[in-house]
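Chemist: The sequence and its predicted three-dimensional model are supplied below.
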Amino acid sequence: MSRRSRRAGGAAPPHGPALSAWVAVVLGSVVFVCSAPLTLSAVNRLTGIPNFGAPLTYGMLSAYSCSLLVLLVNWRGGPRELVRRSVLRAVAAYAVLIVALVVLFALGDARTERLRDLDTYYARAPYLREMIVLYLLGHTAATVAMCALCLKWGREVTGLLATGLRLIMTGAALDAVGFQLTKYTAVVARWTGHDLDPLSTEVAPPLAALAALVFCAGFVLPRLLPPAVAHWRSVGDHRRLGPLWSRIRFASTAPKPPAGWWRTPLDRLRWREVAIHDALLALAPYFDDAVRERALAAAVDAGRGPHQARVAAEAAMLADAVRRAAVHELPSGPASAHRLHATEVAGTDGLVELARELATTPLLDTVSEGTVRAFPG
């Protein structure tokens, strides 16, 4: 993400995107439920008004279109007041649209119940035709606005966020061609005395569902994929640190973590990382520079690079420290001032390197936890 977009995004309301996402998901689900013939029939029967499910569905679709715009505005972020004004304008515009849909339905004559083809059956009926065109135009306006915002924002960002924006535009294109164009074509065909109803009743619904799925992927991918990848990597790092932990755990005095299946892979990795650093600190008095220097010279003679040679030498020094600590041997000589590479770098990469090298170094069996004698220094 560019510096500009990060700075703009940082000023956004902290809970705006999350709340907008939940609203969009709920409204999208309600639209598909409301548009089902069984739901339409039940709504008509409960209200006693033929086709009352139509303005309900159109209103929900308009609210869903508005929620996508609001979500995108909140997601992009920016100055708090600017975001607030943009959200209020979108909500106000679509609130007026929904009221207009209800008024037009009330003024029209829709006494014949139509559960699947209301758009085309009433395409030429006074007031009802305006209602049908108005809800389609409202949905089209939201699609165009989203694409314009995605195109503008897409020039400022890279990576997963840019991929998400492209998916949103792909969903918008599917919706425009698969839902909106087919609906417009079927309605206009009725105006000219032709019958292309299958476009509206058979083609539009599944393509609208596909477009909604791609929309969701575009919004969800940049938010959920990074933490999912982080947890997946945590699982791998936790496993790769296993050999190192099994050899030095006897030296750790870190408190045991609370047991429970609800602990995430990242939590487990963080605890293991802390416990390993605690064990390395306890073993530091046993570090012998002479062992490390001999191992370093041997690694260099074997043709290993400076970094690989250093890690191999530190693994050998750690192996020697583990051997002597496990049998309660007293440290000999002054404590080493050398710092392990694994303790100088953030994250687990350094520990994983050390674990890999240590796995190739012969070690004696260790003893129970917490048995390393503490020494000053």
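Modeler: Ah, there it is.
Chemist: now residue 213, nearest residue through space, not along the chain?
Modeler: Closest residue in space to residue 213, ignoring its immediate chain neighbours: residue 171 at 7.7 Å, by Cβ to Cβ, 6 or more residues apart in numbering. For glycine as for every other residue, the C-beta is placed from the backbone atoms N, C-alpha and C.
Chemist: Tell me which residues touch the one you found, please.
Modeler: With contact set as Cβ atoms under 8 Å, 6 or more residues apart in numbering, residue 171 has these partners: 211, 212, 213, 214, 215, 217, 218.
Chemist: Show me those residues that map onto helices.
Modeler: The helices, defined by DSSP state H, take in 211, 212, 213, 214, 215, 217, 218 from the contacts of residue 171.
Chemist: element containing the most centrally placed residue in the chain?
Modeler: Ranked by distance to the mean C-alpha position of the chain (Cα atoms, centre = their mean), the top residue is residue 224 at 1.3 Å. Secondary structure here is read from DSSP states H and E; on that basis residue 224 sits in helix 204-240.
Chemist: Residue 316 now?
Modeler: With elements delineated by DSSP H and E, residue 316 resides in helix 306-326, which encompasses its position.
Chemist: Which neighbouring elements make contact with that helix?
Modeler: Applying 3 or more Cβ pairs under 8 Å, 6 or more residues apart in numbering; DSSP states H and E, one finds that helix 306-326 makes contact with helix 242-248, helix 265-283, helix 289-301, helix 341-344, helix 349-358.
Chemist: Can you tell me which of those is nearest to residue 25?
Modeler: Smallest distance to residue 25 across those (Cβ to Cβ): 25.1 Å, for helix 265-283.
Chemist: what residues does that closest one touch?
Modeler: The set of residues external to helix 265-283 that reach it, using Cβ under 8 Å, 6+ apart, is 230-232, 234-235, 237-238, 241, 244-245, 248-254, 257, 318, 321-322, 325, 340, 342-343, 348, 351, 372, 374.
Chemist: Stretch 106-113 now?
Modeler: By Cβ under 8 Å, 6+ apart, the surrounding residues in contact with stretch 106-113 are 41, 44, 50-51, 54, 118, 121-122, 125-128, 131.
Chemist: Tell me how far the strand or helix carrying residue 188 lies from the chain's centre.
Modeler: For residue 188, the element it lies in under DSSP H and E is helix 182-191. Centroid separation between helix 182-191 and its chain, computed with Cα atoms, centre = their mean, to the nearest Å, is 39 Å.
Chemist: What's the mean pLDDT across that helix?
Modeler: For helix 182-191, the mean pLDDT works out to 96.
Chemist: Compute the mean per-residue pLDDT across whatever helix or strand comes next after it, please.
Modeler: Sequence-wise, the next helix or strand beyond helix 182-191 is helix 197-198, with elements assigned using DSSP H and E. With pLDDT averaged residue by residue, helix 197-198 scores 94.
Chemist: Going by neighbour count, which of the contacts of residue 171 are buried?
Modeler: With neighbours counted by 16 or more other Cβ atoms under 10 Å, those contain buried members at 211, 212, 214, 215, 217, 218.
Chemist: Flag every buried residue along the helix holding residue 316.
Modeler: Of the residues in helix 306-326, those scored as buried under the neighbour-count criterion (16+ other Cβ under 10 Å) are 309-326.
Chemist: so where does the residue nearest to residue 218 when sequence neighbours are not counted fall, helix or strand?
Modeler: Once its chain neighbours are removed from consideration, residue 218 has its nearest residue in residue 167; the separation is 3.2 Å (Cβ to Cβ, 6+ apart). Per DSSP H and E, residue 167 falls inside helix 159-174.
Chemist: Nice, that's everything, thank you.
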